[in-house]
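K.L.:
Using only what follows, build the 3D model:
(one chain, ligands or ions: 1)
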Amino acid sequence: MSDEHTYGFDTLAIHAGARPDPATGARQTPIYQTTAYVFRDADHAAALFNLQEVGFIYSRLTNPTVAVLQERMATLEGGVGAVCCSSGHAAQIMALFPLMGPGKNVVVSTRLYGGTVTQFSQTIKRFGWSAKFVDTDDLDAVKAAIDDDTRALFCESIANPGGYVSDIPALAEVADGAGVPLIVDNTSATPYLCRPIEHGATLVVHSMTKFLTGNGTVTGGVVIDSGKFDWTASDKFPSLSEPEPAYHGLKFAETFGPLAFTFHGIAIGLRDLGMTLNPQAAHYTLMGIETLSLRMDRHVQNAEKIAAWLETHSAVEAVTYAGLPSSPYKDRAAKICPKGAGGLFTVALKGGYEACMRFVDSLEIFSHVANLGDTRSLVIHSASTTHRQLTEEQQIAAGAAPNVVRLSIGIEDADDLIADLDKALKAAGG
Ligand SMILES: *Cc1c(COP(=O)(O)O)cnc(C)c1O
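P.N.:
Take a look at the predicted model:
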């Protein structure tokens with residue numbers, strides 16, 4: 001589109017990156033179900049492989065359907081470029097890959113999606129990388145954790161599972177001071193509720209599996225670059241600032257300027273790690289994003305009503321929703337995500353672990369699944385499932401203590417959801 005800077009969010013959510021198909025006029029973005037693309041001639045092929053011309057070579061690297069989604073996500077987040085990948089977890093590896101190396105570390109929040117805690121505390125060690133977990137509300141602790149080998153700071157905007165809101169501007173300032181990028185996982189908020197780049201984030205990652213696709217159909221991830229970080233300001237990021245041996249000595253920062261990170265993500269990351277998003281999944285996600293703002297408004301409206309109702313229930317010990325007037329994060333949420341604190345929160349039950357199990361088993365409208373951000377309402381007992389690999393201490397730090405149940409509030413009728421919760425709380429024996 002011509003005037004992307006002047007259009008509002010809802011217009012961009014439907015149009016950014018897309019245009020009628022040049023070959024057929026198809027109004028909806030076609031699913032380009034193809035592996036390869038015919039070169040015009042031998043010179044064209046050589047120019048594409050040399051990154052002298054941008055175009056399509058092979059769908060592990062780029063695909064026209066995926067490219068529309070990349071441009072849409074970059075636009076909605078206010079970044080300069082985006083790289084889609086096969087899942088949210090793939091996006092996290094793709095974001096870290098150009099920055100890290102053996103012996104390097106990333107300083108991360110203790111309040112993260114359970115799978116991310118496992119990925120960071122265990123799996124990345126096999127690459128020689130490590131993560132240092134800190135309470136990101138303690139800025140002195142964050143500063144103290146950053147050392148000469150730190151290559152990034154990582155947090156979630158609205159953190160899973162408790163709906164805790166990160167102080168992104170304060171963390172961005174700390175990251176800036178240390179000369180490292182701030183990476184924000186914006187999955188639970190989506191760019192409709194929070195735009196981390198406007199608060200100072202360098203990179204934004206998403207599991208598009210959740211609210212962006214919105215209906216629990218496909219997995220997908222994306223890394224969006226603000227284009228604002230100077231990779232050449234220090235010798236910390238040689239993959240971007242120095243000749244890259246994996247691309248015949250190309251200097252990405254010098255050649256691509258603000259698009260260095262994005263080009264590196266495609267030319268090295270997707271090429272060699274192969275965590276590619278397929279065009280069918282891109283299609284489902286593009287469909288989902290068309291209605292993102294309508295859905296997020298309803299998720300928030302329902303979550304606010306249900307959290308307030310739960311808070312007064314006799315079986316409930318506490319509700320973590322940052323949108324509640326009683327939440328310690330209420331003011332921060334109003335600043336970081338002014339349109340609402342999302343649809344995700346936890347409930348602690350007075351009856352403890354056993355009551356949580358009975359509660360989960362008694363719900364009817366809420367589906368008991370390891371997912372969030374669906375149109376359907378979902379429930380899970382994090383400590384026995386998604387956060388099972390963690391120690392009890394880590395579970396508590398992550399907001400997933402044994403007496404806590406996580407709710408992902410859908411867009412059904414709030415009164416039906418409340419009736420379902422009420423019945424299950426009675427069955428739980430609170
Ligand atoms: C689901 C999720 C992930 C992982 O995404 P997948 O698409 O399941 O790989 C990462 N971060 C957050 C906040 C999530 O909710």
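
K.L.:
Could you list every helix and strand in contact with the helix or strand of the chain with the lowest mean pLDDT?
P.N.:
Lowest by mean pLDDT, DSSP states H and E among the helices and strands of the chain is helix 392-397, with a mean of 83. With contacts defined as 3 or more C-beta pairs under 8 Å, 6 or more residues apart in numbering; DSSP states H and E, helix 392-397 has no helix or strand neighbours. Using the backbone N, CA and C atoms, a C-beta is placed for each residue, glycine as well.

K.L.:
Now it: buried residues?
P.N.:
394-397 (16 or more other C-beta atoms under 10 Å).

K.L.:
Name the residues of this structure found near the ligand, please.
P.N.:
When proximity is defined as C-beta under 6 Å from any ligand atom, the chain approaches the ligand at 87-89, 113, 115-116, 156, 160, 185, 187-188, 207, 209-210, 219, 221, 372.

K.L.:
how far is the least confident helix or strand of the chain from where the chain is centred?
P.N.:
Centroid separation for helix 392-397 versus its chain: 22 Å, with C-alpha atoms, centre = their mean, to the nearest Å.

K.L.:
residues in contact with the helix or strand that that helix is followed by?
P.N.:
Downstream of helix 392-397, the first helix or strand assigned by DSSP states H and E is strand 404-408. Under the criterion C-beta atoms under 8 Å, 6 or more residues apart in numbering, residues 160-162, 306, 343-349, 356, 359-360, 366, 371-374, 377-383, 400 lie in contact with strand 404-408.

K.L.:
Give me the nearest residue to whatever residue of the stretch 51-200 of the chain ends up closest to the ligand, chain neighbours excluded.
P.N.:
In the stretch 51-200 of the chain, the residue that lies nearest the ligand is Gly88 (2.2 Å; C-beta to the nearest ligand atom). Excluding its sequence neighbours, the residue lying closest to Gly88 (C-beta to C-beta, 6 or more residues apart in numbering) is Ser207, at 2.4 Å.

K.L.:
Against Lys236, how distant is the residue of the stretch 51-200 of the chain closest to the ligand?
P.N.:
Look at Gly88 and Lys236: by C-beta to C-beta, to the nearest Å, they are 26 Å apart.

K.L.:
now swap in Ala42 and tell me
P.N.:
Applying C-beta to C-beta, the value for Ala42 to Lys236 is 40 Å.

K.L.:
now swap in Gln33 and tell me
P.N.:
Distance, Gln33 to Lys236, using C-beta to C-beta: 41 Å.

K.L.:
Could you list the domains of the protein?
P.N.:
Following automatic domain parsing, one gets these domains for the chain: 9-288, 292-427.

K.L.:
tell me the mean pLDDT over the first one?
P.N.:
Confidence over domain 9-288 (mean pLDDT, whole number) is 96.

K.L.:
Output stretch 320-330 as PDB - backbone C-alpha positions only.
P.N.:
Provided in PDB are the C-alpha atoms of stretch 320-330 (Å, rounded to 0.1, in the frame of the first residue of the first chain):
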ATOM      1  CA  THR A 320      -3.400 -12.100  38.800                       C
ATOM      2  CA  TYR A 321      -5.000 -10.100  36.000                       C
ATOM      3  CA  ALA A 322      -3.200  -6.800  35.400                       C
ATOM      4  CA  GLY A 323      -6.400  -5.200  34.200                       C
ATOM      5  CA  LEU A 324      -8.000  -5.500  37.700                       C
ATOM      6  CA  PRO A 325      -8.100  -2.300  39.800                       C
ATOM      7  CA  SER A 326      -6.500  -4.300  42.600                       C
ATOM      8  CA  SER A 327      -3.500  -5.400  40.500                       C
ATOM      9  CA  PRO A 328      -0.100  -4.000  41.500                       C
ATOM     10  CA  TYR A 329       0.600  -3.800  37.700                       C
ATOM     11  CA  LYS A 330      -2.600  -1.800  37.000                       C
END
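
K.L.:
which ones are touching Pro64?
P.N.:
30, 32, 56, 279.

K.L.:
between those residues, which has the most around it?
P.N.:
Comparing the contacts of Pro64 on neighbour count, Pro279 comes out first with 21 neighbours (neighbours: other C-beta atoms under 10 Å).

K.L.:
Could I get the buried residue list for stretch 144-153?
P.N.:
Neighbour counts over stretch 144-153 (16+ other C-beta under 10 Å) mark 145-146, 150-153 as buried.

K.L.:
which one of those residues is nearest Arg126?
P.N.:
Nearest to Arg126 out of those is Arg151 (C-beta to C-beta; 17.0 Å).

K.L.:
That closest one: what secondary structure?
P.N.:
In three-state terms, and counting by DSSP: H, G, I helix; E, B strand; the rest coil, Arg151 is strand.

K.L.:
Please name the residues that touch it.
P.N.:
Shown in contact with Arg151 (C-beta under 8 Å, 6+ apart): 96, 99-101, 104-106, 180, 236-237.
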